[in-house]
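[1] Predicted model follows, preceded by the sequence.
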Amino acid sequence: EVQLVESGGGLVQPGESLRLSCAASGFPFGDYSIGWYRQAPGKEREGVACMFNNGRIQYSESVKGRFTVASDNAKNIVYLQMNNLKSEDTAVYYCGAEAPSRFDPQCLPDYWGQGTQVTVSS
């Protein structure tokens, strides 16, 4: 059974940092593209960062230079380091995993975690 469990969310002030974790199980970790997504109240879910299974990493323009995605393949965990947080980063953050296919990876998840709340407020 595929499982994705996010943790590390919380309440921080603008300019502070947080590190989110996504613990993955039930699938061959290195074969999947794994991404971070977020959904703010009243808005659609949007992609934040993706580690494609071909080694490429991609960030949304809104977080480029502030957020970094990394993985610990021995522990099957993907991290999202978020620095210089802004109020507009407030959202529920999800990780998602896309199964490999014969097509180029798109980071469109087949599986989702339950999400973790990040609130940036003074």
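    Arrived safely, thanks for sending.
[2] For the residue nearest the centre of the chain, give me its contacts.
    The residue at the geometric middle of the chain, judged as the C-alpha nearest the mean C-alpha position with CA atoms, centre = their mean, is residue 36 (1.9 Å). Contacts for residue 36 (CB atoms under 8 Å, 6 or more residues apart in numbering) come out as 20, 22, 47-50, 67, 69, 78, 80, 93-96. Any C-beta I mention is one placed from the backbone N, CA and C, and that applies to glycine too.
[3] what do you get if the cut-off is 10 Å, keeping everything else the same?
    Each residue near residue 36 by CB atoms under 10 Å, 6 or more residues apart in numbering is listed here: 6, 20, 22, 47-51, 59-60, 63, 67, 69, 78-80, 82, 93-96, 107, 113.
[4] Next one: the closest residue to residue 106 other than its chain neighbours from residue 26, what distance?
    Of all residues not flanking residue 106 in the chain, residue 98 sits nearest, at 6.8 Å (CB to CB, 6 or more residues apart in numbering). If you measure residue 98 against residue 26 using CB to CB, to the nearest Å, the figure is 14 Å.
[5] Have a look at those two and say which one is more surrounded.
    Shown here are residue 98 and residue 26; by other CB atoms under 10 Å, residue 98 has more neighbours (19 against 12).
[6] Which pLDDT value belongs to that one?
    Residue 98 carries a pLDDT score of 95 in this model.
[7] Mind listing the residues bridging to it?
    When assigned by DSSP bridges, residue 98 has beta-bridge partners residue 33.
[8] And it, how close does it get to residue 29?
    From residue 98 across to residue 29, the span is 13 Å (CB to CB).
[9] Show me whatever sits in contact with both of these two.
    Contact with both residue 98 and residue 29 is made by residues residue 53, according to CB under 10 Å, 6+ apart.
[10] Point out where the chain drops to low pLDDT.
    Scanning the chain with the threshold set as pLDDT under 70 gives no residue ranges.
[11] how about the strands of this structure, start to end?
    In order along the chain, the chain carries the following strands (DSSP state E): 3-7, 10-12, 18-25, 33-39, 46-51, 57-59, 67-72, 77-82, 91-98, 111-112, 116-120.
[12] All good on my end, thank you.
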